[in-house]
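In: Based on what follows, work out the 3D shape:
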Amino acid sequence: MTGISIWSHNNMKIASTVLMLGLLAGLQTVHAAEEDVATMVAECNKSVKQGDAAKAQAWAERILKVDAKQRDAYLCKGRALGATGQFPQALDALQMAVKLSSAANDRMIALALLGNVQKSMKSYEPALVSYRDSLKLAQQEKNRTFERVSLNLIGETLMDSAQYQAALDSYIAGDKLSGNDNERADNAVRIAAASSQLGKHDQAIEYQIRATLMLERAGTLDQIANANLELGRIYTRAGQYENAERAINKTLKLSKQNEGPYWEAMSYFYLAETKVASGDKTTARSLLNDMATIAEQMNAFDLLDQARAAIADLSKK
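Out: The predicted model follows:
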């Protein structure tokens, strides 16, 4: 007598269906886990953007418990740690992010963020290595936007380490890659600052005026206010005190029209610097006292400390 096979046609269909359902359930679980990680990464980055470093770190740790090799979690963790001054831990996280970045664009971003932490630590040479490696990848990938960003980050690091001519060269190279007025204005400001440090006053004034005009067309009120103050500072360094006051007073007028006490206070600070440079210490002291009064009204303690430090320095001169 022939035995009955458990793998009859109907039984095989049932077994096949069970197997398929199991596979689909597994795929859905994986997909759900991927969605959960993506959501957590988004929350982590959102927390960093909002300045909540502790919350960002908590999100990063949750992600890494799910996936210990999640590159974006290390990036977020590194940024959060760097924002709170926990630089050694931030370096560890970002170096891991670099290691886990297989795609050129991913590695480029991770290197730039690593450089940011190194720059914050005043480890300028390692920062330059990171930024230059990022730049090479941007050039390799023909990513003009990130190439410009890398050149500007290199310029910032060179400025911080008092290598002004090299910084100027990097900013000029970045300027050639600018794609719109905002980017051109940004690089013009940078070129002006480096030129001013080098005593190239005419070039500094030219680029700062260029930046100010572009920002007046396309910038925010804050950008316009800052650009005019910076133009005033550059004029002061060049010994052109009337032009300096004219530029700074534009921000003062703008601040009063738009009820911007911060910019009003900063206008008094820049005007005080111009008055000191021109030998009028009495007016400078009065301006700094006005700045201190506004800072107290705003409960802006950093601004108040800045005013008091300037008054103390004035007393020594």
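In: ok, and the closest non-adjacent residue to the most centrally placed residue in the chain?
Out: Central residue of the chain (CA atoms, centre = their mean): N116, 8.5 Å from the mean position. Spatial nearest neighbour of N116, excluding adjacent residues (CB to CB, 6 or more residues apart in numbering): G82 at 6.8 Å. Every residue, glycine included, has its C-beta placed from N, CA and C.
In: neighbours of that neighbour, just the number please.
Out: For G82, the neighbour count with other CB atoms under 10 Å is 25.
In: and what of A68?
Out: A68 has 10 neighbours, counted by other CB under 10 Å.
In: how about it, secondary structure?
Out: Three-state assignment for A68 (DSSP: H, G, I helix; E, B strand; the rest coil): coil.
In: so what's the backbone phi/psi at it?
Out: A68 adopts backbone torsions of phi -70, psi -10, taken as degrees, to the nearest 10.
In: Let me know the distance separating it from S47.
Out: Relative to S47, A68 is positioned 20 Å away (CB to CB, to the nearest Å).
In: Next: L168.
Out: Distance, L168 to S47, by CB to CB: 37 Å.
In: if I pick the residue lying closest to K122 once chain neighbours are set aside, what's in contact with it?
Out: Once flanking residues are discounted, K122 sits nearest to D160: 7.4 Å by CB to CB, 6+ apart. Counting by CB atoms under 8 Å, 6 or more residues apart in numbering, D160 touches K119, K122, Y124.
In: Please flag which of those residues sit within helices.
Out: When DSSP state H is applied, the contacts of D160 are split such that K119, Y124 fall in helices.
In: can I assume W263 is in contact with Q223?
Out: No. In this structure, W263 is not within contact of Q223 by CB atoms under 8 Å, at 11.2 Å.
In: Quick check on those two: which one has the bigger neighbour count.
Out: Legend: neighbour count by other CB under 10 Å for W263 and Q223, higher for W263 (22 against 19).
In: How about the contacts made by the more buried one?
Out: So W263 contacts D222, A225, L229, T251, L252, L254, S255 (CB under 8 Å, 6+ apart).
In: what do you get for T84?
Out: Contacts for T84 (CB under 8 Å, 6+ apart) come out as A53, A54.
In: rerun that using 7 Å as the cut-off
Out: A53 (CB atoms under 7 Å, 6 or more residues apart in numbering).
In: Quick check: the gap between it and Y207.
Out: Taking CB to CB, one finds T84 at 35 Å from Y207.
In: Over to V276?
Out: Per CB to CB, V276 is found 25 Å from Y207.
In: And S178, its phi and psi?
Out: phi -60, psi 140.
In: is it true that it touches A188?
Out: No. Using CB atoms under 7 Å, S178 is not in contact with A188, being 8.8 Å away.
In: what about V276 and Y207, which has more around it?
Out: More crowded of V276 and Y207, by other CB under 10 Å: Y207, with 27 against 20.
In: Skipping its backbone neighbours, what lies nearest that one in space?
Out: Nearest residue to Y207, sequence neighbours excluded (CB to CB, 6+ apart): A192, at 4.0 Å.
In: so the one you found is in which element?
Out: helix 181-197 (DSSP states H and E).
In: what's the offset of that helix from the middle of its chain?
Out: Computed by CA atoms, centre = their mean, to the nearest Å, the chain-centroid distance of helix 181-197 equals 16 Å.
In: Report the mean per-residue pLDDT for that helix.
Out: Helix 181-197 shows a mean pLDDT of 96.
In: Which elements pack onto that helix?
Out: Judged by 3 or more CB pairs under 7 Å, 6 or more residues apart in numbering; DSSP states H and E, the packing partners of helix 181-197 are helix 144-160, helix 164-175, helix 201-218, helix 221-237.
In: Same drill for S178 and A188, tell me which one is more crowded.
Out: Set S178 next to A188 and count neighbours by other CB under 10 Å: A188 wins out with 25 against 17.
In: which ones are touching the more buried one?
Out: A188 sits next to Y207, R210, A211 when contact means CB under 7 Å, 6+ apart.
In: Chain neighbours aside, what residue packs nearest to it?
Out: Counting by CB to CB, 6+ apart, the residue nearest A188 is A211, at 3.7 Å.
In: Kindly report the same for E216.
Out: In this structure, E216 finds its nearest non-sequential neighbour in I224, 5.8 Å apart by CB to CB, 6+ apart.
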